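*Asks:* next one to model:
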Amino acid sequence: MGCAGSAAARYEEAAADGPEAAESAEASWPRGEWRVEVAQDDWIALDQETSQKLLEEYYSGRTEATYSSFNNNYHVDFYGQVQTDQQTGRQCRICWFEAAEIPKSETAGQEEVTAAPEVYLGGEWLIEESSDVWRSLDPEVSAQLLVAYYCGDERMEYTLEGKSYEVDLTSWEQLSRESGKKQRIFWNSSDPQAADEATELPDSRRESEASDQWLEPGEEAERQLLAALASGQEVVRYFVNGCEFEVDVVRLVQTNLSTGEQWMIAVEGGEVPSSTVPSATAPPEAPPEVAPEASVQEPAAAEVRAGADGSSAFAAGASEPRAVPTAKGKPKAFIYKAVPDATKQPPKKKKWSLAPGQQRTRIAGPKPKAVPGPQRPGPPGQPTAAKAAIELPKGVEWPKADKARRVAETVFQDMRKPEPTECAELEQKFPLARVQGLFSSGGVVGLSKSGAAACEALP
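*Replies:* Here you go, the predicted model:
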């Protein structure tokens, strides 16, 4: 396997030989293609336009580049030979394959095969071809549906192989514009963190290898189960995700009335709180509990269907329920979907699914008003700014008595103000010698009215 380094080395050698050789090397691009590794030692070639663009970016001396393909943006690190999907963050190797290293069997008798890099969506959308026969949608369409769901769109239109389709994300149905045929769709999520993850079958519906465990249903289904067990009635029916269910509280069996499937239920972790009971019937003291070793009525997978009332199809059936431990201090409902195994207990490790709809919806509240906080004081021990000292004329000193000094300061500052009083008027009221007595020596040219008032206050 060769990479772009050898081609770049030849280009640098041609540049060292002279400008004409460099221009010749630039005009004749090396023959080959860029490939990305979608699995271990499984490489897929990029399309010719993208491959040429990356080659030009590499020869221009750049260490990084970006390109778009199938509505996805990718970032390429030439130095590390790593490609990153900017939407999902998934990374894979990227490398330059020279034409001599590409087997002839791959190109003989056919055009260059190009494919977009695989994008991990956390699952896939399935469409019902016939009764209980499901197939995967096109990866690009699946990605568009997922984006439309996250954006809150109720409908999405797309075209595939020249045919137009309309998907209703509230009733979870697809309508063909040409034939008018309606087909159900649902999201089949995958859990990459599960240790026992099985390989997805592309054209059929599968059950998880961990289906012989006590599993936790979706959030809405669990709330309905707890309410049914605490209602005090023997049989309770409820509707969720487009299906009607019946709970036999005595036998602890839940039946999907839409499909006829049954499975056992159990509650662990404490009593059912009365706040979760929607009916007025008083709940029993404690809901009955069933050990994991109990037998099941009929093993089956839960029906996946969304309601027309806008409820999410991801809550309780669009994907396999998550295996979770028993919560402490809060009741948890469990369902058993296969023949019990006495050696297996409810799982101890919680597996969080990143599939849409599994996360609790949060409604943004009003933003609090910004209130300016108190001003912070300066550093401790920092001295405050001292008042500017009054400079006296040469040969003049302040009187020693405190009161006389305060009066003298007032008089001296008033002498600076542009409102002097006539000296003759002041001499009539205050002898000049009395004013001069405020200082040990020197004289007073003029006083303002406030200064005269200060002198009047002297004893």
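
*Asks:* low-confidence stretches in the chain?
*Replies:* Within the chain, the stretches with pLDDT under 70 are 1-29, 100-122, 189-214, 241-242, 268-389, 416-459.

*Asks:* and D42, how far from A221?
*Replies:* 39 Å (Cβ to Cβ, to the nearest Å). Heads up, the C-betas are built off the backbone N, CA and C, glycines and all.

*Asks:* and what of S130?
*Replies:* For S130, the distance to A221 equals 27 Å [Cβ to Cβ].

*Asks:* these two: which is more packed in?
*Replies:* Neighbour count, other Cβ atoms under 10 Å: between S130 and A221, A221 has more, with 23 against 8.

*Asks:* name the element A408 belongs to?
*Replies:* Element membership for A408, per DSSP states H and E: helix 402-416.

*Asks:* what helices or strands is that helix leaning on?
*Replies:* Here helix 402-416 touches helix 449-456, going by 3 or more Cβ pairs under 8 Å, 6 or more residues apart in numbering; DSSP states H and E.

*Asks:* re earlier: list the buried ones in the helix holding A408?
*Replies:* Using 16 or more other Cβ atoms under 10 Å as the test for burial, helix 402-416 gives A404, V407, A408, T410, V411, F412, D414.

*Asks:* am I right that V267 is in contact with A228?
*Replies:* No. Assessed by Cβ atoms under 8 Å, V267 is found out of contact with A228, at 10.5 Å.

*Asks:* between those two, who's got more neighbours?
*Replies:* A228 (26 against 23).

*Asks:* which SSE is that one in?
*Replies:* Taking DSSP H and E as the criterion, the element that holds A228 is helix 219-229.

*Asks:* what packs against that helix?
*Replies:* The contact analysis (3+ Cβ pairs under 8 Å, 6+ apart) places helix 219-229 against strand 235-240, strand 243-248, strand 261-268, strand 332-336.

*Asks:* mind saving the C-alpha coords of it as PDB?
*Replies:* Extracted in PDB, the C-alpha atoms of helix 219-229 (Å, rounded to 0.1, in the frame of the first residue of the first chain):
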ATOM      1  CA  GLU A 219     -39.900   5.700  29.700                       C
ATOM      2  CA  GLU A 220     -43.600   6.100  28.800                       C
ATOM      3  CA  ALA A 221     -44.300   2.400  28.800                       C
ATOM      4  CA  GLU A 222     -42.600   2.000  32.200                       C
ATOM      5  CA  ARG A 223     -44.800   4.800  33.600                       C
ATOM      6  CA  GLN A 224     -47.900   3.100  32.300                       C
ATOM      7  CA  LEU A 225     -46.900  -0.200  33.700                       C
ATOM      8  CA  LEU A 226     -46.300   1.200  37.200                       C
ATOM      9  CA  ALA A 227     -49.600   3.000  37.000                       C
ATOM     10  CA  ALA A 228     -51.400  -0.200  36.000                       C
ATOM     11  CA  LEU A 229     -49.800  -2.200  38.800                       C
END
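
*Asks:* quick one: S164 is in a strand?
*Replies:* Yes. Per DSSP: H, G, I helix; E, B strand; the rest coil, S164 lies within a strand segment.

*Asks:* what sits closest to it if chain neighbours are left out?
*Replies:* R177 (4.1 Å; Cβ to Cβ, 6 or more residues apart in numbering).

*Asks:* what's the neighbour count on that neighbour?
*Replies:* 12.

*Asks:* quick check, it in contact with G162.
*Replies:* No. Here R177 lies out of contact with G162, judged by Cβ under 8 Å, at a distance of 11.2 Å.

*Asks:* now name the helix or strand holding P30.
*Replies:* When elements are defined using DSSP H and E, P30 is found to belong to no helix and no strand.

*Asks:* and it, how many residues sit next to it?
*Replies:* Neighbour count of P30, defined by other Cβ under 10 Å: 17.

*Asks:* isn't it right up against Y58?
*Replies:* No. Contact between P30 and Y58 fails when scored by Cβ under 8 Å: they sit 10.4 Å apart.

*Asks:* my read: S68 touches Y74, true?
*Replies:* Yes. Contact criterion Cβ under 8 Å: S68 and Y74 qualify, at 7.4 Å.

*Asks:* the more surrounded of those two?
*Replies:* Taking other Cβ under 10 Å, S68 and Y74 do not tie; Y74 has more neighbours (25 against 10).

*Asks:* which other residues reach the strand or helix carrying that one?
*Replies:* Following DSSP H and E, one finds Y74 within strand 72-77. Strand 72-77 has contacts (Cβ atoms under 8 Å, 6 or more residues apart in numbering) with 54, 57, 63-68, 82-87, 94, 116-117, 119, 143.

*Asks:* how does it look with 7 Å?
*Replies:* 54, 64-67, 83-87, 94, 117, 119 (Cβ atoms under 7 Å, 6 or more residues apart in numbering).
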